[in-house]
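In: starting from these lines, generate the structure:
(2 chains)
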Amino acid sequence: MMLLKSLFVMRLAPVFVSLMIGSVSTSSLAGVFNPETFMLDNGMQVVVIPNHRVPVVTHMVWYRVGSADEAPNESGIAHFLEHLMFKGTKKRKNGEFSEIVARNGGRENAFTSSDYTGYYQTIAVDRLEMVMEMEADRMTNLVITPEQVEPERQVVLEERRSRIENEPGSILGEQLNAALFLSHPYRNPVIGWKHDIEGLNIDRILAFYKRWYAPNNAILVVAGDITVAQLKPLAEKYYGAIPAQPATLRARAKEPPQHAERRVTLRDNRVQQPSWRRIYLAPGLQWGASEHAYPLEVLADIIGSGSSSRFYQSLVIKQKLAVAAGVHYSGDNRGPGQFIFYASPRSGVDMEVLESAVLREIDLLIEGGVTQDELDRAKTRMLSESIYARDSLSGGARVIGSALAAGLSIDDVENWPENISGVSLEAINHALKSVFKTQQSVTGLLLPAGDS
Amino acid sequence: MNIFPISRLPLAVLWLTAGLLLSLPGTAQAITPQQITSPGGIKAWFVADTTIPILTIKFAFRGGAALDPAGKEGLSNLVSGLLDEGAGEIDSKTFQQTLSDLAIGLSFDSGRDEFGGQLRTLVRNQETAFRLLRLALTEPRFDAEPVERIRAQILVSLKQSLEDAHTIGNRALFETLYPDHVYGRPADGTPESMQGVTVDDMRDFVKNRLARDNLIIGVVGDITAAELGRRLDEIFGALPAVASSWQIDDVDPVSRGQTIVIDRDVPQSSILVAEKGLKRDDPDFYAAYVMNHMFGGGSFTSRLYAEIREKRGLVYSVGTGLYPFDHSALILGSAGTANERAHETLSVLKAEWGKMATADVSANELDDAKTFLTGSYPLRFSSSGRIASMLVGLQVANLGIDYMQKRNGYIEAVTMDDIKRVAKRLLIPDNLVIVVVGRPDGILSTN
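Out: Residues are numbered from 1 along each chain as shown, chains lettered A, B, ... in the order given. Model prediction:
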């Protein structure tokens, strides 16, 4: 749940963890968002997260499908469909959905990741029923025409240009993913390869829609000024009326054992500031040796969170080789995780010098492990940060929706404080020795054109 | 695997300068701020919220990067990166370690017209948090190591910003609009000016520009008004009573239809256009705000979205925004499109600019805009941080504490005549300054 850590909250007010104590008693950690959940008869899960500050709700529908569920030669189809979901339905003309939401003072958007696709509206609670009716309608009644698809294809290609092709760092990122994963579909970009986007046709898009968009493959999350008693009849009326479809299997290509380290270098005359990163294939909560996931999450906080962390202190402050240095771990995906080390050189510092200094840090870390003091501080910090999360109206909905859509459970979210508190020094040091294998990594260099 | 999901719409289409000024401040039924005055005479707007044991303090000092001395552009920017890098007896490492250990969020930011900051703490750690904030504002150390480290980081970020077509364009746009005014200078500094900033400059900055008479404060969280009053004195009471006086002249942007093409080897051209807008206290501001929403401000419903993205598929992002500064104002539009289609995109954009100038809007279109703008107002109160930002923004704009209750009335009062008048006054396509960064087919610089 690494990515989401800042969104986590704890239900009960102050948990008095002092810096001096090594572990937090789990009895004080009950619950995170304390959501309520129920299932509709057609298999659609519903989650309610009350927050009564203002009379507003965030209404989200998550589908358990993302870019990693796409077939060969159709990369980008999940995202393209997401764009097309704003066209028309049997009932509503092109664009009417957004017009109605806006006319009622609502804000909306949608998003696609490798593991899920989501749609949401934030709106006054007295308009909730209206958006539920419309969202339920487009779950199965989408109508799209070639006249709508072609301009939208150009929009998506422009989106690809602005996100990827205009940005050397993003081009490198795309190449690194393709190099890190030998077979797993995480090797494909969420937005899709350009030639695939150009080749997608309506029939394939609609087939994808029919296969994946169904109540039994969706999750409804409503956060805000609402209770289960208020929501349940509405959920039954609008989403409960949609028949379940035959179950779909998220069958993805498996990642084989990796035997060789890889190195990817991008030289581009647009690059003004070089950077270095190494990505290790890592276990996650649902992939590989998942017992390492929470220890890796705490480890990432210890070595890479802010300017008092180990990497920053050594590489930026003491050795003065880098202007930035840190780590990032993602372990809450459905598939493989990544543990990323990154650094960017100070002006005048040779990239090779920086690289060997970072690699030395990694070796030292694997050899020596982390200390009890570092562990205690990280836990306190992580659990404290989690209190802030309840502040945001939609934060809990995003955390729980993405967790469920990726295959995790509400318990995984709710037990997060306990799971973090339970991480031992031995577990982290064991993970260090088990996970960071050079032959399961890719190293990426972003350099100005002409650099060797 | 992609870490961040990608969205149908860019989250911030037009967010060129620091936030305070740009969001039209507003209201929600459920939020009623009170003004409190500390025993020492420090004023703050405050919203009590005891649902979570946290506290958010946002503040701003009037007088921002526009006041940086000539040749020292970026002074405010550098100071904003250094106030939390050691203060009083506490060195940089200990200061940062304490913030991190206690999950205290403390940061500063420099805008054109204000120097801002924010503190976020758990109530149980507030004693330490308040002390660190006081020290940061009144006794920053500016030790050699953090000064050189943060300066190096800013130099890198300035270099990196030169990789980004939009940032390059934005800088050129302001240079063109304000050739003889401080608003034309890069607010974050340049590599050259950043090298020239000394520790003495930074000490002068703290002494002269951070004072009680130019300070604005907004607080949200779990504290009583009485206690907050005492705390305000503890935190801000040691600041000088009065900031050094300053003078910045009001200025009209120079927009006479100049076109500037900046060659960069990128597949997508970044297009920016701008001309004179309306200041926040202009009587027509609300009319302009509603007009802008219909034209290019509304995300999925604006005319530019419909004509340029939806109908023609020319862009992923397109929009317009109002930029009221203290001493000038702009209306600004932006779009990103493939080099081959830049000419067409710009042509449609200018044509729509001209069409909107005639304000051939229907009563329905106006009603829809007003219902969105009034109905969506409460959605802004989605977190303590956002509410605190609004409390500061309202005061920056010299609005009353009852503004949140009145704001929707101002929107409702906008008539079709108002729209026609303001559209005609603001939208003059032949005057637009146009900046294109990329290799746009069929667009040439003037002169």
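
In: would you mind writing the CA trace of stretch B:390-410 as PDB?
Out: The C-alpha trace of stretch B:390-410 is given here as PDB (Å, rounded to 0.1, in the frame of the first residue of the first chain):
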ATOM      1  CA  MET B 390      -9.200  30.100   0.800                       C
ATOM      2  CA  LEU B 391      -9.100  31.900   4.100                       C
ATOM      3  CA  VAL B 392      -5.800  33.400   3.100                       C
ATOM      4  CA  GLY B 393      -6.800  34.000  -0.500                       C
ATOM      5  CA  LEU B 394      -9.900  35.900   0.500                       C
ATOM      6  CA  GLN B 395      -7.900  38.300   2.700                       C
ATOM      7  CA  VAL B 396      -5.300  38.700   0.000                       C
ATOM      8  CA  ALA B 397      -8.100  39.800  -2.300                       C
ATOM      9  CA  ASN B 398      -9.400  42.200   0.300                       C
ATOM     10  CA  LEU B 399     -12.700  40.500   0.600                       C
ATOM     11  CA  GLY B 400     -14.900  40.500   3.600                       C
ATOM     12  CA  ILE B 401     -15.300  37.600   6.100                       C
ATOM     13  CA  ASP B 402     -18.900  37.200   5.000                       C
ATOM     14  CA  TYR B 403     -17.700  36.700   1.400                       C
ATOM     15  CA  MET B 404     -18.400  32.900   1.500                       C
ATOM     16  CA  GLN B 405     -22.100  33.700   2.100                       C
ATOM     17  CA  LYS B 406     -22.200  36.400  -0.500                       C
ATOM     18  CA  ARG B 407     -20.200  34.900  -3.300                       C
ATOM     19  CA  ASN B 408     -22.900  32.900  -5.100                       C
ATOM     20  CA  GLY B 409     -25.100  36.000  -5.100                       C
ATOM     21  CA  TYR B 410     -22.400  37.800  -7.100                       C
END
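
In: that one and chain A in contact?
Out: No: Stretch B:390-410 does not reach chain A (C-beta under 8 Å from any C-beta of the partner chain); its nearest approach is 10.2 Å. Glycine gets a C-beta too; all of them are placed from N, C-alpha and C.

In: and that stretch, which residues are buried?
Out: For stretch B:390-410, the neighbour count (16 or more other C-beta atoms under 10 Å in any protein chain shown) marks B:390-397, B:399, B:403-404, B:407-408, B:410 as buried.

In: from those, pick the one nearest B:Q247.
Out: Comparing those against B:Q247 with C-beta to C-beta places B:V396 closest, at 18.9 Å.

In: ok, the closest one touching B:R62?
Out: Yes: counting by C-beta atoms under 8 Å, B:V396 does reach B:R62; the two are 7.5 Å apart.

In: can you work out which residues contact both of those two?
Out: When C-beta atoms under 8 Å, 6 or more residues apart in numbering or on different chains defines a contact, the residues bordering B:V396 and B:R62 alike are B:113-114, B:216.

In: and of those residues, the nearest to chain A?
Out: Nearest to chain A among the shared contacts of B:V396 and B:R62 is B:I216, at 22.4 Å by C-beta to the nearest C-beta.

In: circling back to that earlier point, could I get the buried residues of stretch B:390-410 as a markdown table with pLDDT and secondary structure?
Out: Shown next, in a markdown table, are those (pLDDT from 0 to 100; DSSP: H, G, I helix; E, B strand; the rest coil):
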| residue | pLDDT | secondary structure |
| --- | --- | --- |
| B:M390 | 96 | helix |
| B:L391 | 97 | helix |
| B:V392 | 98 | helix |
| B:G393 | 96 | helix |
| B:L394 | 96 | helix |
| B:Q395 | 97 | helix |
| B:V396 | 96 | helix |
| B:A397 | 95 | coil |
| B:L399 | 96 | coil |
| B:Y403 | 95 | helix |
| B:M404 | 92 | helix |
| B:R407 | 94 | helix |
| B:N408 | 94 | helix |
| B:Y410 | 96 | helix |
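
In: with these in mind, which one is nearest to A:L231?
Out: Nearest to A:L231 out of those is B:N408 (C-beta to C-beta; 27.7 Å).

In: okay, now A:T227: neighbour count?
Out: For A:T227, the neighbour count with other C-beta atoms under 10 Å in any protein chain shown is 12.

In: thinking again about what came up before, among the shared contacts of B:V396 and B:R62, who's most crowded?
Out: The most neighbours of any of the shared contacts of B:V396 and B:R62, using other C-beta under 10 Å, belong to B:E114, which has 26 neighbours.

In: can I assume that one is in contact with B:F61?
Out: Yes: between B:E114 and B:F61 there is a contact at 6.4 Å, judged by C-beta under 8 Å.

In: which residues do those two both contact?
Out: Taking C-beta under 8 Å, 6+ apart as the contact criterion, the common neighbours of B:E114 and B:F61 are B:I216.

In: and the residue lying closest to A:G369 once chain neighbours are set aside, how far is that from A:V435?
Out: Counting by C-beta to C-beta, 6 or more residues apart in numbering or on different chains, A:G369 lies nearest to A:N429, which is 3.7 Å off, once chain neighbours are set aside. Distance, A:N429 to A:V435, using C-beta to C-beta, to the nearest Å: 11 Å.

In: neighbour count: these two, which is higher?
Out: Neighbour count, other C-beta under 10 Å: between A:N429 and A:V435, A:V435 has more, with 22 against 19.
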